[in-house]
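# generate a structure from the sequence data that follows.
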Amino acid sequence: MVDFKIEVVVLPVADVDRAKEFYHRIGFREDVDCSGPNGFRVVHFTPPGSAASIIIGSGVTDAEPGSAQGVHMIVDDIVAARAHLAARGVEVSEVYHDAGGVFHHAGATDRVAGPHPDRQSYGSFVSFSDPDGNVFHLQEVTERRPGRVGNVVYGSVAEVEKALREAAAAHGVHEKELGHYDEEWPSWYAAYMAKAAGLES
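All right, here's what the predicted structure looks like:
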């Protein structure tokens, strides 16, 4: 099977510079700001920790500005993520969950205030809009369902260091059990770190 990886979501905006300031403010990394003839412009941003990116610009889409209504981003702490946005002046909803407990309905239908009562993975949300009205939803995921994760992503150098130190400690126990030096330690580390991050082997 060929991999089909979502790489970019193109968001329709009316004012590229206004949108650019917004995405800078909330902490997205600017990768490209490229202009061409006849007002064509491409501005590429990547949210922190994301394998997919967004593009805003002029001449990149015929969609009506603000018409993107279902972009979801995953966070591991919905309360902290909401606080991050609010601290940067974003008008963001309160944390909510859906009455059905699976996925939120459109708009505010069956929206219940507060995180999922069991803080169930995939069950808590917040929403916010960019200046054009493109709507984003944050969804809290703390434990992936089997088969969903296909790669390991660390959010910072500190997270990589922590994962390596944990693997080193566990590998030390492994070598004691073996009774000798493990020449295949890179493979052992890789498998251990991938499993710890929820990657299916």
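
# looking at this structure, which residue lies furthest from center?
Relative to the average C-alpha location in the chain, and by CA atoms, centre = their mean, no residue lies farther out than residue 179, which sits at 42.0 Å.

# could you list the buried residues of stretch 130-140?
By neighbour count with 16 or more other CB atoms under 10 Å, stretch 130-140 contains the buried residues 130, 132, 134-140. All C-beta atoms are positioned from the backbone trio N, CA, C, and that covers glycine.

# relative to residue 5, which of these is nearest.
Each of those was scored against residue 5 by CB to CB, and residue 139 proved nearest at 19.0 Å.

# where does that closest one fall, phi/psi-wise?
Backbone torsions for residue 139, taken as degrees, to the nearest 10, come to phi -120, psi 130.

# surely it meets residue 73?
Yes: taking CB atoms under 8 Å as the contact criterion, residue 139 and residue 73 are neighbours in contact, 7.4 Å apart.

# re the thing from before, per-residue confidence for the residue farthest from the centre of the chain?
In this prediction, residue 179 carries a pLDDT score of 89.

# distance from the host helix or strand of residue 165 to the middle of the chain?
Assigned by DSSP states H and E, residue 165 belongs to helix 157-178. Distance of helix 157-178 from the chain centroid (CA atoms, centre = their mean, to the nearest Å) equals 26 Å.

# mind listing what's buried along that helix?
Within helix 157-178, the residues scored as buried using 16+ other CB under 10 Å are 163, 167, 171.

# and those residues as JSON lines, adding pLDDT and distance to residue 193?
What follows is the buried residues of helix 157-178, written out as JSON lines (pLDDT from 0 to 100; distance: CB to CB, whole Å):
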{"residue": "163", "pLDDT": "83", "distance to residue 193": "5"}
{"residue": "167", "pLDDT": "85", "distance to residue 193": "5"}
{"residue": "171", "pLDDT": "88", "distance to residue 193": "10"}
